[in-house]
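Trainee: The following comprises the amino acid sequence and a computationally predicted model.
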Amino acid sequence: MPTALAGQATAHPFPQGAISIGVAVIALTVAAILHWKKKAPKTCGLLALAAGVGISGGLLGHFVTKAVTWISGLVGDLTTQMFGAAVPAVLAVGALIVFIHDLWPGHKAGRMTPVLGLLLPTLAASVGGAAGSLTGSAIHMISAAIASALTTLFGSH
């Protein structure tokens, strides 16, 4: 299990075998280059999702988790004011819907698609209940397919 900043163990939200750290780093590097060059935005989004699953337990995952916690708190505060109760699941489900919509055939992926892909695993892990389970299952299925393809291309690291 990866360790956190102060040597404390960090729970990995997805099974460790889903995507290895080496494959996740390769996926993140390729996604960053594609995003920078503004090429293949759908592929970039999928690679970012794979990277998000693989690195969610490491140091970068720690920073992503902090950002997601802050954003979830903000959404919780806003939904509390609007509806009278905090609904942090809105963020994860909304991000998943936008991500899938952007990757759907016939739709164009936006510049935020890779960012959503990177944040989705952490968002899914932060939401409990049926919404968290649904989001986590969808992300796990997509990332398992990506992991298989990446492992075939680059080998397991």
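Mentor: Okay, I see it.
Trainee: Could you use CA atoms for every contact and neighbour count after this?
Mentor: Will do.
Trainee: per-residue pLDDT, W36?
Mentor: If you check W36, the pLDDT there is 93.
Trainee: same deal with A40?
Mentor: 90.
Trainee: and what of the one 4 residues further on?
Mentor: The pLDDT attached to C44 in the predicted structure is 92.
Trainee: can you count the residues close to the residue lying closest to it once chain neighbours are set aside?
Mentor: Counting by C-alpha to C-alpha, 6 or more residues apart in numbering, C44 lies nearest to A31, which is 4.6 Å off, once chain neighbours are set aside. A31 is flanked by 27 other residues according to other C-alpha atoms under 10 Å.
Trainee: host element of the closest residue in space to A32 that isn't next to it in sequence?
Mentor: Spatially, and ignoring its direct neighbours in sequence, A32 is nearest to C44 (7.6 Å; C-alpha to C-alpha, 6+ apart). Per DSSP states H and E: C44 is located in helix 41-55.
Trainee: what do you get for A147?
Mentor: For A147, the host element (DSSP H and E) is helix 129-154.
Trainee: Show me what that helix is packed up against.
Mentor: Helices and strands touching helix 129-154, by 3 or more C-alpha pairs under 8 Å, 6 or more residues apart in numbering; DSSP states H and E, are helix 21-37, helix 41-55, helix 89-103, helix 113-126.
Trainee: So for the helix or strand just after the second one, mean pLDDT?
Mentor: Scanning the chain past helix 41-55 towards its C-terminal end, the next helix or strand to appear is helix 59-83 (assignment: DSSP H and E). When the per-residue pLDDT values of helix 59-83 are averaged, the result is 79.
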